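Peer 1: need a structure here:
(2 chains, ligands or ions: 2)
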Amino acid sequence: MLADAYRSETYRLLRNRTVLFWSVVFVPLIGVVFGIIGNAVLKANADKLAGEEMPPELMVAMAGGPMNLAAELVSAAGNVANPVALLFLLIGAATLYTGDYRWETWRLISARNGRVPLILGKVLSYVTLALVAMLVLVAGALIEKSISAGFFSRPLTFDAGNGRIADAFAMFGVSGLRILQVTMLGLLAGVVGRSLLAALFVPVVVSVLQALSPFALMGMGVANDAWVTFLVNPGQGYDVIAAAIRGGPDAPMAELVVRGWTSLLGWTILPLIGALAWFQRQDLSKE
Amino acid sequence: MSAVIETRGLSKHYGAVRALDGLDLTIPRGGVYGVLGPNGAGKSTLFRILLGLIRPTDGSATVMGGPVGQVSTMRRMGSMIETPRFPPFLTAKQVLNWLAAAHGLNGDPARIEGWLARVGLTEAANRKVRGFSVGMMQRLGVAAALMTEPELVILDEPTSGMDPPGIQEMRQLIRSLAVDDGLTVVLASHQLLEVQRVCDRVAILNKGRLVLEGAVSELTGSGERLRLKLRPQAAALDLLGQKGSAEGDDAVMAAVTRAEAPAVLKALIDRGVEIEEARWVGADLESIFFTETGSVQAPEAIHAG
Ligand SMILES: Nc1ncnc2c1ncn2[C@@H]1O[C@H](COP(=O)(O)OP(=O)(O)OP(=O)(O)O)[C@@H](O)[C@H]1O
Ligand SMILES: [Mg+2]
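Peer 2: Ligands and ions are numbered 1, 2, ... in the order given. Next up is the predicted model:
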């Protein structure tokens, strides 16, 4: 029955062009366009900028040093959970999770399927959408990098040494989990509030507050790496796990990574359980 | 006569509003069953409970022998609750494909087209439902309810928003579902004439309670009266006394039973009354509806106080 829920949800999602555009096409597209424009501007002003102080990567790039696409892959995979992409992916999630309230279609499907499979079908269907969107984002980033490399005649290389491919996969997975975590807040808010706007704004507001929480906690004398700071803010959990995957001298201690996982997983699973429990008891009288 | 739906003391309260108030209803298997009642009587609330969409505040309901809300039972039912709505970006055909997937049915294109044809939507099959009229939505809702090949169909006002030919087609479709396919159809409607034509039994609800239940033929039969076209009217009225009432200036209505009729007719003729025409007139559902939903107002007022 989960299979039925998943199949029908995906069938409908594939025909919802608005959601597909905003979730899958829009962010990669503007990423490519702005990336290319940025590099073109950089190229045009290359003479003026000569001698100025710049980040080392930019120096290498402008000097026409080689571009390692494997390294760019890791960085692109780590970048799919950026705030802008998150926001647009949230639109897809909110529409998917609250569509049956908005279109008043719960009555058509919920009489013939269990409530838990119905919600899980939505979540799985969203995971599929997010995976596609993430792949498109990564592909878009690589296309943009390759084009931009042309401006400075940088040779393209692919050095997958140091386990870079494994890193890219790990980064991709964790970023996917971060996206899911944010949208789970949307699921909970959407089900409880029966509304698209709740599913959209609650995660945004909560995520912004969470991002600000370390400062507030620091003001109260709580250390940046304390359990509380992690538990309040899954975004910090994600950052720490990502830093651990990147490795190098900045890699965090294993203890902090555990805190990070606890927070990120907790903020994913608990809202899901909450939404399932709420939906099971919910009266679908006026969707 | 096994029951397909049975409710005992079924209640649903929304704050102070008693949408259903201790409803005991038994709906037999087979045939078409009409649930009538004024706006807010609790018809849709009853249907939503039967489909497991909302929980009763109190009481119980069984559907085809099982408790409501059990998926295996629900999969043997088809339903349309109030004016159906659909994701606006889907076409009519896509809606049925989507629901076929949701219900785990095979979405064979020929079958889907068959259902669209049966509800008269062949020409609109590839149009987005965004632009559908209420009547078209209603037709699509009926197709969605029926394509699951259920044993029991619940239709909440299936003809609302439909044009007269549509209403007639729907009546024929519903009759054929019961007669040819052997389904049990339970419908709510405000079209009393339609209900009288299409339903075998009816229940009348008012303010969440059952006020009358029975076979349509019995209900309309029990209010039967004899309409007599005769001359002189005054002599006939005099003889009939309490049982007679004037109809125009050349007829009277006699509230007599079929057993009493021969004696009454003989008495009239003996008095020299000329009877031109005698005809049985049944009570129609409409007059029963008004009597029944009006007559419960007094006890309801006591109850509320
Ligand atoms: N979600 C709800 N919240 C509050 N009250 C409700 C809700 N749903 C129904 N009601 C109330 O319950 C009562 C019964 O409503 P219901 O929709 O069952 O009536 P109905 O018989 O279907 O009427 P209609 O003929 O207008 O369709 C009404 O007074 C209605 O206002
Ligand atoms: Mg209703």
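
Peer 1: now for the host helix or strand of A:Ala70, which elements pack on it?
Peer 2: Using DSSP states H and E, A:Ala70 maps to helix A:69-79. With contacts taken as 3 or more C-beta pairs under 8 Å, 6 or more residues apart in numbering or on different chains; DSSP states H and E, helix A:69-79 sits against helix A:115-151, helix A:164-193, helix A:234-246. All C-beta atoms are positioned from the backbone trio N, CA, C, and that covers glycine.

Peer 1: got the contact list for that helix?
Peer 2: Applying C-beta atoms under 8 Å, 6 or more residues apart in numbering or on different chains, the external contacts of helix A:69-79 come out as A:85, A:137-138, A:141-142, A:145-146, A:156-161, A:164-165, A:167-169, A:171-172, A:175, A:242, A:245-246.

Peer 1: likewise for stretch B:99-108?
Peer 2: Stretch B:99-108 is contacted from outside by A:1, A:3-5, A:7-8, A:11, A:108-109, A:112-113, B:75, B:96-97, B:112, B:144, B:147-148, using C-beta under 8 Å, 6+ apart.

Peer 1: buried subset of these?
Peer 2: Buried subset of the contacts of stretch B:99-108 (neighbour count, 16 or more other C-beta atoms under 10 Å in any protein chain shown): A:1, A:4-5, A:7-8, A:11, A:108-109, A:112-113, B:75, B:96-97, B:112, B:144, B:147-148.

Peer 1: where does pLDDT dip in the stretch 1-150 of chain A?
Peer 2: By pLDDT under 70, the stretch 1-150 of chain A has no low-scoring segment.

Peer 1: for ligand 2, what is the nearest residue in it?
Peer 2: A:Arg107 (12.2 Å; C-beta to the ion).

Peer 1: that residue: what's it in contact with?
Peer 2: Counting by C-beta under 8 Å, 6+ apart, A:Arg107 touches A:Leu284, A:Glu287, B:Arg48, B:Leu51, B:Leu53, B:Ser79, B:Ile81, B:Pro84.

Peer 1: what about the last one, how many residues nearby?
Peer 2: Applying other C-beta atoms under 10 Å in any protein chain shown, we find 24 residues neighbouring B:Pro84.

Peer 1: so it touches B:Gly135, yeah?
Peer 2: No - using C-beta atoms under 8 Å, B:Pro84 makes no contact with B:Gly135, being 11.5 Å away.

Peer 1: just the strands in the stretch 1-150 of chain B please.
Peer 2: Using DSSP state E, counting those that start in this stretch, the strands found in the stretch 1-150 of chain B span residues B:3-14, B:17-28, B:31-36, B:58-63, B:66-67, B:77-80.

Peer 1: quick one: the fourth one to chain centroid distance?
Peer 2: Which is strand B:58-63. Here the centre of strand B:58-63 is set off from its chain's centre by 21 Å, with C-alpha atoms, centre = their mean, to the nearest Å.

Peer 1: got the contact list for A:Ala141?
Peer 2: Residues near A:Ala141 by C-beta under 8 Å, 6+ apart: A:Pro28, A:Gly31, A:Val32, A:Gly35, A:Glu72, A:Ser75, A:Ala76, A:Asn79.

Peer 1: how many neighbours does whatever residue of chain B ends up closest to ligand 2 have?
Peer 2: Closest to ligand 2 within chain B is B:Ser44: 3.2 Å, counting by C-beta to the ion. Applying other C-beta under 10 Å, we find 19 residues neighbouring B:Ser44.

Peer 1: one more: B:Lys43?
Peer 2: The burial count for B:Lys43: 26, using other C-beta under 10 Å.

Peer 1: pretty sure it sits against B:Gly37.
Peer 2: Yes - counting by C-beta under 8 Å, B:Gly37 is a contact partner of B:Lys43 at 5.5 Å.

Peer 1: give me the common contacts of these two.
Peer 2: Between them, B:Lys43 and B:Gly37 share these contacting residues under C-beta under 8 Å, 6+ apart: B:Ala188, B:Leu205.

Peer 1: follow-up on the earlier one: dump the helices and strands packed on helix A:69-79 into CSV; add distance to A:Glu255 as well.
Peer 2: Shown next, in CSV, are these (distance: least, C-beta to C-beta, whole Å):
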stretch, distance to A:Glu255
helix A:115-151, 29
helix A:164-193, 18
helix A:234-246, 10
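
Peer 1: got a markdown table for these, with distance to ligand 1 too?
Peer 2: A markdown table is the format used below for the helices and strands packed on helix A:69-79 (distance: least, C-beta to the nearest ligand atom, whole Å):
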| stretch | distance to ligand 1 |
| --- | --- |
| helix A:115-151 | 18 |
| helix A:164-193 | 15 |
| helix A:234-246 | 35 |
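
Peer 1: enumerate the residues of the stretch 1-150 of chain A near chain B.
Peer 2: Counting by C-beta under 8 Å from any C-beta of the partner chain, the stretch 1-150 of chain A comes close to chain B at A:1, A:3-5, A:7-8, A:11-12, A:15-18, A:99, A:103-114.

Peer 1: how about a cut-off of 6 Å?
Peer 2: For the stretch 1-150 of chain A, the contact set with chain B under C-beta under 6 Å from any C-beta of the partner chain comprises A:4, A:7-8, A:11-12, A:15-16, A:103-104, A:107, A:109, A:111-112, A:114.

Peer 1: and which of those residues is nearest B:Val119?
Peer 2: A:Arg107 (18.3 Å; C-beta to C-beta).

Peer 1: export whichever helix or strand the closest one is part of as PDB, just CAs?
Peer 2: Using DSSP H and E, A:Arg107 sits in helix A:106-109. In PDB, the C-alpha atoms belonging to helix A:106-109 read as follows (Å, rounded to 0.1, in the frame of the first residue of the first chain):
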ATOM      1  CA  TRP A 106      -7.700  13.600   0.900                       C
ATOM      2  CA  ARG A 107     -11.200  12.300   0.700                       C
ATOM      3  CA  LEU A 108     -10.500  10.700  -2.600                       C
ATOM      4  CA  ILE A 109      -7.400   8.700  -1.500                       C
END
